[in-house]
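1. fold the following.
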Amino acid sequence: MAHRMIHRASGGRIGSGQPAAGDKVGTLFLTSRGRTSGQPRRTGLYYLDDGRNFVVVASNAGADHDPAWWANLQATPKATVDVGTATTPVIARAATDEERARLWPRLVAAKPSYAEYARTVSRPIPVVILEPADPGPGG
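-> You can find the predicted model right below:
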């Protein structure tokens, strides 16, 4: 909670940032709609870049159920991502099998705890792609 407050109070200058060189995680803030309340829900997450996309993991810190933010996105895939002072509208989706096979090793290399979580839970841990809603130049 303090992390979110610092990020907001600093106008995004403190508390989130792009990944360092190589396969290091960055931090972002995801704002989704509560699936029952309809209220905005803001969550800090680690992420990797994959082209223009943000890649996050619905690990729920190794709990045996999906995190609320992922359930919210499944109900309403439109959300926003804040990295630094930039806000990006995104559309969320589960990674395809091919994307997951390519991205999971990068995610585990960047954040080894994901591998431990995967060993200890009975559910598959979703890899979530947050695609910018704007197709960008030439898109």
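2. what residue ranges in this protein are flagged as low confidence?
-> Applying pLDDT under 70 to the chain flags the ranges 1-23, 135-139.
3. what helix or strand is the residue nearest the centre of it located in?
-> The residue lying closest to the centre of the chain (Cα atoms, centre = their mean) is residue 56, at 3.3 Å. Residue 56 belongs to strand 53-57 when assigned by DSSP states H and E.
4. same thing with residue 131?
-> Residue 131 belongs to strand 127-132, assigned by DSSP H and E.
5. mind giving me the packing neighbours of that strand?
-> strand 53-57, strand 86-94, helix 97-110 (3 or more Cβ pairs under 8 Å, 6 or more residues apart in numbering; DSSP states H and E). For glycine as for every other residue, the C-beta is placed from the backbone atoms N, C-alpha and C.
6. quick check: buried residues in stretch 89-99?
-> Going by neighbour count (16 or more other Cβ atoms under 10 Å), the buried part of stretch 89-99 is 90, 92, 94, 95, 99.
7. now residue 24, nearest residue through space, not along the chain?
-> The shortest distance from residue 24 to any non-neighbouring residue, by Cβ to Cβ, 6 or more residues apart in numbering, is to residue 110 (5.6 Å).
8. surely residue 61 is within a strand?
-> No - Residue 61 is assigned helix when assessed by DSSP: H, G, I helix; E, B strand; the rest coil, not a strand.
9. correct me, but it touches residue 114?
-> No - between residue 61 and residue 114 there is no contact under Cβ atoms under 8 Å: 10.3 Å.
10. settle it for me: which of these two has more neighbours?
-> Set side by side, residue 61 and residue 114 show more neighbours around residue 114, with 20 against 7, by other Cβ atoms under 10 Å.
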